[in-house]
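*Asks:* Prediction below, plus the sequence it came from.
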Amino acid sequence: MTEKTLTLNGPKETETTTEEKTPRRKRVPLGVRKSRLTAPEREGMHRRWMNEQGTRLQDAQDAGYTFVDDDVDGEGTGTRVHRTVDKTTGQQAYLMELPQELYDEDQAVKQRENDTTDEAIKTGNIKGEVGADGKYVPKDGIKIGTH
């Protein structure tokens, strides 16, 4: 907001004008490294880049992922957000998203499988028989830890 006081050969007049600054677009200097595979987050959604390779995009759609469309200034062009990830072959990657709830469910399934494998390793029961392969398994089991 700016205020101006004008004097015109008589009583003072005060003029008040309001100047609203439009938010400045984030500036990225030239020559600075940046990741080409970045995208704004969307609340409630998990986003990831999927390579257009084999049936990968169809598999992602079957799993519930949807393509993210280009939306410039609220005027969606309907164009799928994509980037060239291999200039030699021309391979494209598409930005896709899945509701966070479904993503979390998928991760829980993966974690259960990993926990089962970890337990088999700890007990030496890799193929269904403890020590059948001639490997030594301590009485306390095998310990997996981080240092």
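*Replies:* Okay, I see it. What you see is a predicted model; the values in this text were computed from it and never measured.
*Asks:* Let me see the ranges of the strands in the protein.
*Replies:* 2-7, 12-17, 45-51, 66-67, 69-72, 75-80, 82-86, 91-99 (DSSP state E).
*Asks:* in its sheet, what does the last one sit against?
*Replies:* Read that as strand 91-99. Using DSSP bridges, the strands paired with strand 91-99 are strand 45-51 (antiparallel), strand 66-67 (antiparallel), strand 82-86 (antiparallel).
*Asks:* hmm, who's touching the second one?
*Replies:* Read it as strand 66-67. Defining contact as CB atoms under 8 Å, 6 or more residues apart in numbering, one finds that strand 66-67 is touched by Arg80, Val81, Tyr94, Leu95, Met96, Glu97, Leu98. (C-beta placed from N, C-alpha, C; glycine too.)
*Asks:* just stretch 93-110 next, same as before
*Replies:* 37, 39, 42, 44-52, 57, 60, 63-68, 80-83, 85.
*Asks:* Pull out the buried residues from it.
*Replies:* If you call a residue buried by 16 or more other CB atoms under 10 Å, then stretch 93-110 has these buried ones: Ala93, Tyr94, Leu95, Met96, Glu97, Leu98, Tyr103.
*Asks:* what mean pLDDT would you report for it?
*Replies:* Stretch 93-110 carries an average pLDDT of 97.
*Asks:* With just CA atoms, put it into CSV.
*Replies:* Only the C-alpha atoms of stretch 93-110 are listed here, as CSV (Å, rounded to 0.1, in the frame of the first residue of the first chain):
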residue,chain,number,x,y,z
ALA,A,93,9.1,-41.6,-18.1
TYR,A,94,5.6,-40.5,-17.1
LEU,A,95,4.6,-39.0,-13.8
MET,A,96,1.9,-41.1,-12.2
GLU,A,97,0.2,-41.0,-8.9
LEU,A,98,-1.6,-43.3,-6.5
PRO,A,99,-3.8,-42.4,-3.4
GLN,A,100,-1.5,-42.5,-0.4
GLU,A,101,-3.8,-44.9,1.4
LEU,A,102,-3.3,-47.5,-1.4
TYR,A,103,0.4,-46.9,-1.5
ASP,A,104,0.7,-47.5,2.3
GLU,A,105,-1.3,-50.7,1.9
ASP,A,106,1.1,-51.9,-0.8
GLN,A,107,4.1,-51.0,1.4
ALA,A,108,2.6,-53.0,4.3
VAL,A,109,2.3,-56.1,2.1
LYS,A,110,6.0,-55.7,1.0
